[in-house]
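> turn this into a model:
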Amino acid sequence: MKICCSTNTLTTMTSIEEELLMDEENDAREAEYILHTLSSELQDRYTTDDIRTMMDLIVEYYYDSGMLECTDAEVEIDLQDVAEYVAKHAKEYHEKDYPVEDVFFVVQADFDWQEQNL
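This next block holds a predicted model:
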């Protein structure tokens, strides 16, 4: 049996793999940034995995709220609303109990990261 791959397919696969790897590396840097901006008390309470769970839920909030489809030049983001969404869905989907007060600081640090890196 012969297996044939066109170079375009290979290039596309490599590009996708490279993009996924770059996204993963960027997410790791962002999680570390967020973790290091938190108070030492919160740093002791949350792991990098916790931060990444919250990051995923922050993105989910932007999708669910329709912000990503908005065509306005500026979008108003209520960090408290984001924090409440993240805390609620973390408990619902991930069985994690993150107090809204803690999540707010993560949301704020995530927002700062996005402002600096976009």
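> give the buried residues for the lowest-mean-pLDDT helix or strand in the chain.
Within the chain, no helix or strand scores below helix 7-37, which has a mean of 82 by mean pLDDT, DSSP states H and E. Buried residues in helix 7-37, counted by 16 or more other C-beta atoms under 10 Å: 30-31, 33-35, 37. Quick note: C-beta positions are derived from backbone N, CA and C, even for glycine.
> swap in stretch 43-60?
Buried, per 16+ other C-beta under 10 Å, within stretch 43-60: 46, 50-58.
> tell me which of these fall in helices.
Judged by DSSP state H, helices contain the following of those: 50-58.
> with distance to Val103 and pLDDT added, can I get the residues you listed in a markdown table?
As requested, those are arranged in a markdown table below (distance: C-beta to C-beta, whole Å; pLDDT from 0 to 100):
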| residue | distance to Val103 | pLDDT |
| --- | --- | --- |
| Asp50 | 10 | 97 |
| Ile51 | 10 | 97 |
| Arg52 | 13 | 96 |
| Thr53 | 10 | 96 |
| Met54 | 6 | 97 |
| Met55 | 11 | 97 |
| Asp56 | 13 | 96 |
| Leu57 | 9 | 97 |
| Ile58 | 9 | 97 |
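> please consider this matter closed, and thank you.
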